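>>> take a look and give me a structure for this.
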Amino acid sequence: MSEVKFEHKIASWKVDEVNSLKELLKSGNVIALIDMMEVPSVQLQEIRDTIRDSMTLKMSRNTLMKRAIEEVAEETGNPSFTKLIDCMEKGAALIATEMNPFKLYKTLNESKSPAPIKAGATAPCDIEIKAGSTGMPPGPFLSELKAVGLPAAIEKGKIGIKEDTIVAKEGDVVSAKLAVVLSKLDIKPMEVGLNVLGVYEDGIVYDPEILKIDEDEFLAKLQSAYTGAFNLSVNAVIPTSATIETIVQKAFSNAKAVSIEGAFLTSETSDAILGKATAQMLAVAKLAGEDALDDELKGMVSGSEVESAPAAEEAPAAEEEKKEEAPASVGMGLLF
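As a prediction, the model looks like this:
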């Protein structure tokens, strides 16, 4: 009995598609998988127009994208690239860009826009309806509001809601009745746009939760860390390009203080030492009383009392100067 062989032929368009995807995957240092389910075509086109100059977006079948990723990983000798496949789900698409992963996530997140929620969808947050007039005339809508638990009544010829009410908590499934009410009230609790599933760069696949950072909090922590490191460097006398100037200034101030306190005359301290000696001499003269002083000393003691007043007023300014802290770091905003 002769053996019958079956040859599986791959459609040429699939081969072309995989080759096209491979070319895209090799074109950028950063590759992202995104979910674009639930994105209306009009909004998708607007997003594509917005990001066109900074990244390339390509939609395809998940199976073909998986094949392309595996082949690129093999051809480039980079097995870690296949980790991106673990992020693939729903209606995925590929993005190739030179933008860093954090900036890419932020850019895609900012391209999202509010959208109505559909029946059967999960509430992304607590959905609250504020008290006030709906602007609707009396009619069947009053019953629809009450049917979803809203305290509604006729007020001044319009349907109004008496108090703020949470009609669905985060994670609740939105009923058909509630979806209709929210639509009529023009409440859009959803955000529609491109959701990042994973981003690959230099052998690392970033989860969306890692890329989702609070910039203000992050920059505050970065500034705090910089200030702490600066102070440690100065106080421990560990010179760096950022602290060497402050360390030298501090050392000069300390040496000058020791020189003045020890009455060691130098070109930098002679004026201060003589001034200190004069002040001490006048203090002793003041304690001795006027009868023990000649006219010159009396004049000097009298003059020192007049000069001491404005000096005291200037003291707070000197104290303010001591409160200078480490200089603010420069260029942190460029991270985003």
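>>> any idea which residue sits dead centre in this structure?
residue 215 (1.1 Å; CA atoms, centre = their mean).
>>> for residue 53, see how far away that one is.
Distance, residue 215 to residue 53, by CB to CB, to the nearest Å: 23 Å. Every residue, glycine included, has its C-beta placed from N, CA and C.
>>> cool, and residue 253?
For residue 253, the distance to residue 53 (CB to CB) stands at 53 Å.
>>> and those two? Which one has more around it.
Using other CB atoms under 10 Å as the criterion, residue 253 and residue 53 rank with residue 253 on top: 10 against 6.
>>> contact partners of stretch 48-66?
By CB atoms under 8 Å, 6 or more residues apart in numbering, the residues outside stretch 48-66 that reach it are 14, 17-18, 20-21, 24, 27-28, 33-34, 36, 85, 88, 91-97, 99, 104, 107-108, 111, 194.
>>> and that stretch, how far apart are its ends?
When the termini of stretch 48-66 are compared using CA to CA, to the nearest Å, they are 23 Å apart.
>>> what's the answer for stretch 226-244, then?
For stretch 226-244, the first-to-last residue distance is 15 Å (CA to CA).
>>> residues of it that come out buried?
Within stretch 226-244, the residues scored as buried using 16 or more other CB atoms under 10 Å are 226, 230, 233, 234, 243.
>>> hmm, the second one is touching residue 243, no?
Translated: residue 230. Yes - with contact defined as CB atoms under 8 Å, residue 230 and residue 243 form a contacting pair (6.0 Å).
>>> still on that earlier bit, among the contacts of stretch 48-66, name the buried ones.
Among the contacts of stretch 48-66, the ones that count as buried by 16+ other CB under 10 Å are 17-18, 21, 24, 28, 33-34, 36, 85, 88, 92-97, 99, 104, 107-108, 111, 194.
>>> filter these down to the ones in strands?
33, 34, 92, 93, 94, 95, 96, 97 (DSSP state E).
>>> and the least confident of those?
Within these, residue 92 has the lowest pLDDT, namely 85.
>>> now the strands for the chain?
Assigned strands in the chain, in chain order: 30-35, 55-59, 92-97, 113-115, 127-129, 132-133, 152-155, 158-161, 165-168, 190-192, 195-201, 204-206 (criterion: DSSP E).
>>> for residue 99, grab phi and psi.
With angles defined as degrees, to the nearest 10, residue 99 sits at phi -70, psi 140.
>>> and residue 155, how far from residue 133?
The value you get for residue 155 to residue 133, if CB to CB is used, is 7 Å.
>>> overlap of the contact sets of those two?
With CB under 8 Å, 6+ apart as the test, residue 155 and residue 133 reach no residue in common.
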